[in-house]
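J.: Below is the sequence, then the predicted model.
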Amino acid sequence: MARKIGSRYTVHQVIGRGSAGTVWLGEGPDGPVAVKLLREDLAADQVLVGRFVQERAALTGLDHPHVVGVHDMVVDGSDLALVMDLVQGSDLRTRLERDGVLSPAVAASVIADVADGLAAAHAAGIVHRDVKPENVLLDLAAPPGPGGAPRAKLTDFGIARLVDAPRRTRATRIIGTPDYLAPEIIEGLEPRAAVDIYATATVLYELLTGTTPFGGGHTGAVLRRHVTENVPPVEGMPDGLWRIISECLAKAPASRLRAAELAARLRALLPELSGLGPIAVPAQRGAPEEVPTPGEAVYAEADAFAGSGTHRRRRGPAVPLVPGPQPDSTRDTHTSLRRPSPRELASYAEESRAQRAQPAATHRRTRAQMIRRRRTLAVLIAVVLLLAGAAAAWTAFAAEPPAGASAAVHASWHPRL
Ligand SMILES: Nc1ncnc2c1ncn2[C@@H]1O[C@H](COP(=O)(O)OP(=O)(O)OP(=O)(O)O)[C@@H](O)[C@H]1O
């Protein structure tokens with residue numbers, strides 16, 4: 001079903017849905033484009049429409065190989081649309097879901113591309129504010145990078161700011177996705193470039209381990225961990241990558257790397273990462289029910305640290321903006337919740353310790369347990385072999401060996417294996 005958007009564009013079919021709207025395959029005067037139509041309720045918001053017009057110059061002016069270019073922004077009746085480069089490929093979340101984890105070289109190369117895109121944006125005074133795997137598109141039409149890594153492009157620049165709360169409540173709200181939120185955002189500071197670095201390091205960690213460093217459990221517990229906990233080292237993570245991740249996850253924004261430094265440090269590591277296989281991580285447990293997936297955008301009222309608040313979460317399909325096929329993904333939701341009060345946050349501390357886990361820390365604990373179990377098993381096997389050998393030798397050389405010695409040895413050990 002073709003549909004006109006403004007006077008210059010026609011859209012043909014839905015290619016994706018997100019929390020802010022629906023992405024269509026379209027056609028413009030210069031060829032194929034992707035058109036993101038914002039949700040009707042957003043398009044009806046006059047404050048947002050005003051901001052949309054204000055941001056036009058900044059967003060359409062961002063031209064970089066690792067940024068999905070915005071060609072045009074259309075305000076037409078009830079339509080509010082961003083016209084973008086059409087990227088032929090999938091988003092990084094889809095890739096991660098397919099592969100579980102990426103090899104260190106591929107992960108570093110993808111994140112170096114993202115950091116390059118961020119460096120250009122930050123130089124232009126634009127903070128992304130919602131860096132996460134969903135917002136990284138892999139351009140499979142472009143020649144691959146080092147080690148066959150797909151080229152990455154960051155998208156959705158400025159969307160978080162566009163759909164931010166109205167001015168009168170902005171000071172008391174935060175916008176973002178819990179697993180990737182820098183601590184200073186949770187504490188109510190104005191988001192600056194360093195929040196993108198924190199989120200980018202979170203994505204790098206996720207590509208390498210399959211889980212985010214502070215994710216899992218109740219959203220309040222996730223927010224609290226960002227503010228108060230440090231991420232423990234990950235067994236098997238190459239040292240160079242671990243140093244970069246630790247620096248970029250620093251609680252103090254000023255201690256984090258700048259985007260260009262991050263890209264350069266990652267690229268410098270590529271030769272030594274080349275050929276390394278993915279970090280061995282055990283299979284993940286499913287996310288607990290009612291807990292947002294890592295990439296789920298959350299629009300959170302930020303009165304949590306200032307007073308009481310009831311915590312409400314909602315999961316469900318995106319509200320279709322226009323008729324079209326059903327979402328091809330289950331994670332495209334628009335979630336609204338009130339951030340928890342200080343007392344609630346404190347109560348999450350217990351849950352956080354018990355659950356830290358889901359999935360981030362548990363899998364590390366599980367891995368340690370697995371290693372211990374494997375060692376115990378190896379010792380047991382060695383003892384059995386030793387005893388079996390001794391029994392065989394005894395059988396062979398003793399004049400009249402007692403019958404069934406070897407069998408008895410095995411019988412006594414088998415049940416413990
Ligand atoms: N420029 C593009 N070219 C090709 N496909 C795109 C483009 N932009 C988005 N898509 C597709 O549309 C899907 C939805 O994108 P969208 O930006 O609306 O949501 P999201 O980033 O996945 O989620 P959210 O908006 O909730 O953060 C993407 O996952 C991707 O598959």
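T.: Sure thing, it's come through. None of these values were measured; they are calculated from a predicted model.
J.: Tell me where the protein has helices.
T.: Ranges of helices in the chain, per DSSP state H, are 40-43, 46-60, 92-99, 104-123, 159-162, 167-170, 183-186, 193-209, 219-228, 239-248, 259-273, 342-355, 360-397, 405-413.
J.: If you average pLDDT over each of those, which is lowest?
T.: Mean pLDDT is lowest for helix 405-413 out of the helices of the chain, coming in at a mean of 30.
J.: near the ligand at all, stretch 135-147?
T.: Yes. Stretch 135-147 is in contact with the ligand by CB under 6 Å from any ligand atom, via Asn135, Leu137. For glycine as for every other residue, the C-beta is placed from the backbone atoms N, C-alpha and C.
J.: and the chain, which residues reach the ligand?
T.: With CB under 6 Å from any ligand atom as the criterion, the chain meets the ligand at residues 15-21, 23, 34, 36, 68, 84-87, 91, 134-135, 137, 155-156, 297, 332.
J.: ChimeraX command for the buried members of the residues you listed?
T.: Here is the ChimeraX command that selects the buried residues among these (16 or more other CB atoms under 10 Å):
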select :15,16,17,18,19,20,21,23,34,36,68,84,85,86,87,91,134,135,137,155,156,297,332
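J.: Leu204 contacts Val106, correct?
T.: No. If you go by CB atoms under 8 Å, Leu204 and Val106 don't touch, sitting 11.2 Å apart.
J.: Compare those two and say which is more crowded by neighbours.
T.: Leu204 (27 against 24; other CB atoms under 10 Å).
J.: Name the nearest residue to that one, ignoring sequence neighbours.
T.: Nearest residue to Leu204, sequence neighbours excluded (CB to CB, 6 or more residues apart in numbering): Ile111, at 4.6 Å.
J.: Lys4: neighbour count?
T.: For Lys4, using other CB under 10 Å, the count is 12.
J.: Setting aside sequence-adjacent positions, which residue approaches it most closely?
T.: Excluding the flanking residues, the one nearest Lys4 by CB to CB, 6+ apart is Thr10, at 5.7 Å.
J.: distance of the one you found from the ligand?
T.: Per CB to the nearest ligand atom, to the nearest Å, Thr10 is found 16 Å from the ligand.
J.: residues contacting that residue?
T.: Thr10 makes contact with Ala2, Arg3, Lys4, Gly26, Glu27, according to CB atoms under 8 Å, 6 or more residues apart in numbering.
J.: Can you tell me how far the third one is from Ala81?
T.: It refers to Lys4. With distances taken as CB to CB, to the nearest Å, Lys4 is found 11 Å from Ala81.
J.: try the second one
T.: Applying CB to CB, one obtains 11 Å for the distance of Arg3 from Ala81.
J.: between the two, who's got more neighbours?
T.: A side-by-side neighbour count of Arg3 and Ala81, using other CB under 10 Å, places Ala81 first with 24 against 16.
J.: For the more buried one, which non-adjacent residue is spatially closest?
T.: Among residues not flanking Ala81 along the chain, Val74 sits closest, at 4.4 Å (CB to CB, 6+ apart).
J.: From Thr60, how far off is the one you found?
T.: Going from Val74 to Thr60 by CB to CB gives 11 Å.
J.: out of these two, which sits in the busier spot?
T.: Using other CB under 10 Å as the criterion, Val74 and Thr60 rank with Val74 on top: 18 against 15.
J.: ok, the more buried one touching Gly26?
T.: No. Val74 lies out of contact with Gly26 (CB under 8 Å); the separation is 10.7 Å.
J.: shared neighbours of the two, which are they?
T.: Common neighbours of Val74 and Gly26 (CB under 8 Å, 6+ apart) are Ile5, Tyr9, Val83.
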